[in-house]
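A.B. asks: Show me the folded form of this:
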Amino acid sequence: MRSVAVFIGTRPEAIKMAPVVEALRADDRFRPIVVATGQHREMLHQVLDLFEIEPDHDLAVMQPGQTLASLTGRLVTAIDEVLEQDPPDLSLVQGDTTTAFVGGLASFYRGIRVGHVEAGLRTDDLMTPFPEEGNRRLVGRITSVHFAPTTGARQNLLREGVDPETVVVTGNTVIDALFRQLELQRSRNRTSALLEALTADLGFSPEAKPYVLVTGHRRENFGAGFEEICGALSELSRRFEDHTFVYPVHLNPRVQGPVHETLGDRPNVKLIAPRSYEEFLVLMQHCRVVLTDSGGVQEEAPSLGKPVLVMRENTERPEGVEAGTVRLVGADRDRIVAAVEELLVDEDAYAEMARAENPYGDGKASQRIVEELARILG
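C.D. replies: Numbers count the residues shown, from 1 in each chain. Below is the predicted model of the structure:
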């Protein structure tokens, strides 16, 4: 039996790695070692509990007001201690977080092979998203096997000189997680309870009233970017008084401050606490448009037939833009307002985006990853 360390630090990582952990646990060739770094403390454990994942090691590195450098330093030490105590045959990291970068680096220092889930995404601008683009590139240089979600991601890696034999196109595991949770909601009759909980918080049923779902938390939008985003939402809430703008606000104080200051008094803007993954899926299922600066939402929402407007100037997920499910609008007030307005008033424009095909996977990425691990670990 081969041991595989699975590093999880943030809520998106937990969502995307949960089906991989599930697939490893179901295969008697493997012993998964789940290492939770606690980079997102409260939001991380919501998802771990939902997917019934109990970490083997819980590092709890999060500290108030931490810098990227201090977080990185603590993670190197903490992860190295885990690798010394419980050395795996291979370490799996996901995406572009500090946890992914340091999990890969600490493993590399100990001569442990690294598998990178969601490898090869690039914006080709080192500063956006920051520091995620840098993290992805750095992890890529010390990775033994690259699990690329799309052929485009594979081509990015080959262009950078990565050995083609080490790159496997799998699809994105976020689609596995999405399909799995939708199936569980139906089989467990959870949908009505989730709708009731959301209705209590929102003051209306997600099934009964049109709304735009908003998420925004990217570091590069702090300051002027969030002022533009909040200004756009304020203007849209005045133009579309028959719509509600539902914004689960990230816990970061640099997001909470400007959002509540600008939008707190708007009657049709609902600023709510971050939702559980189950509840967020329900919100995506029933909204009209998703307005976001998130990465994973760009992949999830098209699977539900929802147009996605991305408040960034570039994206490491260009396949959605090329397919027509996603449009870039930047953190620019006028562009955000114009794009949302078009989708809310032009039925043809809306239908064109809603009907586009999702290019990010078929829900079987995790099994492909496990089969490749079985091959390379013998």
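
A.B. asks: Which stretches in the stretch 1-150 of the chain count as helices?
C.D. replies: Taking DSSP state H, counting those that start in this stretch as the test, the helices found in the stretch 1-150 of the chain are 11-25, 41-50, 68-85, 98-109, 132-141.

A.B. asks: Would you convert those into a markdown table that also reports mean neighbour count, mean pLDDT and distance to residue 325?
C.D. replies: Every C-beta, even on glycine, is put in place using the N, C-alpha and C of the backbone. Output for the helices of the stretch 1-150 of the chain, formatted as a markdown table (neighbours: other CB atoms under 10 Å; pLDDT from 0 to 100; distance: least, CB to CB, whole Å):
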| stretch | mean neighbour count | mean pLDDT | distance to residue 325 |
| --- | --- | --- | --- |
| helix 11-25 | 25 | 96 | 19 |
| helix 41-50 | 18 | 82 | 24 |
| helix 68-85 | 16 | 96 | 32 |
| helix 98-109 | 24 | 98 | 25 |
| helix 132-141 | 19 | 97 | 21 |
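
A.B. asks: how about a markdown table for those, with distance to residue 180 added?
C.D. replies: Listed next are these as a markdown table, based on distance: least, CB to CB, whole Å:
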| stretch | distance to residue 180 |
| --- | --- |
| helix 11-25 | 6 |
| helix 41-50 | 10 |
| helix 68-85 | 27 |
| helix 98-109 | 22 |
| helix 132-141 | 25 |
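
A.B. asks: Give me the distance between the residue sitting nearest the centre point of the chain and residue 178.
C.D. replies: For the chain, residue 296 is the residue whose C-alpha lies nearest the centre (CA atoms, centre = their mean; 3.3 Å). Residue 296 sits 9 Å away from residue 178, going by CB to CB, to the nearest Å.

A.B. asks: Ok, residue 104 next?
C.D. replies: The value you get for residue 104 to residue 178, if CB to CB is used, is 26 Å.

A.B. asks: Going along the chain, name the strands of the stretch 151-300 of the chain.
C.D. replies: For the stretch 151-300 of the chain, the strands defined by DSSP state E, counting those that start in this stretch occupy 167-169, 211-215, 244-248, 269-272, 289-292.

A.B. asks: The shortest one: partners in the sheet, and parallel or antiparallel?
C.D. replies: Partner strands and pairing direction for strand 167-169 (DSSP bridges) are strand 145-148 (parallel).

A.B. asks: Check the third one too.
C.D. replies: With DSSP bridges as the criterion, the sheet partners recorded for strand 244-248 are strand 211-215 (parallel), strand 269-272 (parallel).

A.B. asks: Tell me the buried residues in the shortest one?
C.D. replies: In terms of neighbour count (16 or more other CB atoms under 10 Å), strand 269-272 has its buried residues at 269, 270, 271.

A.B. asks: Just name the closest of those residues to residue 141, please.
C.D. replies: Proximity of those to residue 141 (CB to CB) peaks at residue 271, which lies at 40.7 Å.

A.B. asks: From residue 139, how far out is that closest one?
C.D. replies: Per CB to CB, residue 271 is found 35 Å from residue 139.

A.B. asks: For residue 37, the count of nearby residues, please.
C.D. replies: Look at residue 37: counted by other CB atoms under 10 Å, it has 31 neighbours.

A.B. asks: Kindly state the pLDDT recorded for the residue nearest to it when sequence neighbours are not counted?
C.D. replies: Nearest residue to residue 37, sequence neighbours excluded (CB to CB, 6 or more residues apart in numbering): residue 9, at 3.9 Å. Note for residue 9: predicted pLDDT of 94.

A.B. asks: Pop out the phi and psi values for residue 9.
C.D. replies: Main-chain dihedrals, residue 9, degrees, to the nearest 10: phi -130, psi -30.

A.B. asks: give me every residue that touches it.
C.D. replies: Taking CB atoms under 8 Å, 6 or more residues apart in numbering, we find residue 9 in contact with 36, 37, 38, 39, 40, 44, 97, 98, 99, 100.

A.B. asks: So the closest residue to the fourth one other than its chain neighbours versus residue 249, what's the distance?
C.D. replies: If I follow you right, that is residue 39. In this structure, residue 39 finds its nearest non-sequential neighbour in residue 9, 3.4 Å apart by CB to CB, 6+ apart. Distance of residue 9 to residue 249, computed by CB to CB: 21 Å.

A.B. asks: what does residue 69 give?
C.D. replies: For residue 69 relative to residue 249 (CB to CB), the value is 27 Å.

A.B. asks: next one: residue 235
C.D. replies: 19 Å.

A.B. asks: just residue 113 next, same as before
C.D. replies: Taking CB to CB, one finds residue 113 at 40 Å from residue 249.

A.B. asks: Tell me, how many residues neighbour the closest residue to residue 158 other than its chain neighbours?
C.D. replies: Here the nearest residue to residue 158 in space, its sequence neighbours aside, is residue 164; by CB to CB, 6+ apart that works out to 6.0 Å. Residue 164: 9 surrounding residues under other CB under 10 Å.

A.B. asks: Let me know the pLDDT of residue 164.
C.D. replies: 98.

A.B. asks: same check, this time on residue 216
C.D. replies: 84.

A.B. asks: can you pull the contacts of it?
C.D. replies: Contacts for residue 216 (CB under 8 Å, 6+ apart) come out as 226, 229, 247, 250, 255, 259, 291, 292, 293, 311.

A.B. asks: okay if I get these as a markdown table plus neighbour count and distance to residue 117?
C.D. replies: Output for the contacts of residue 216, formatted as a markdown table (neighbours: other CB atoms under 10 Å; distance: CB to CB, whole Å):
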| residue | neighbour count | distance to residue 117 |
| --- | --- | --- |
| 226 | 23 | 30 |
| 229 | 29 | 30 |
| 247 | 22 | 29 |
| 250 | 19 | 23 |
| 255 | 20 | 27 |
| 259 | 22 | 31 |
| 291 | 27 | 27 |
| 292 | 23 | 21 |
| 293 | 26 | 22 |
| 311 | 26 | 25 |
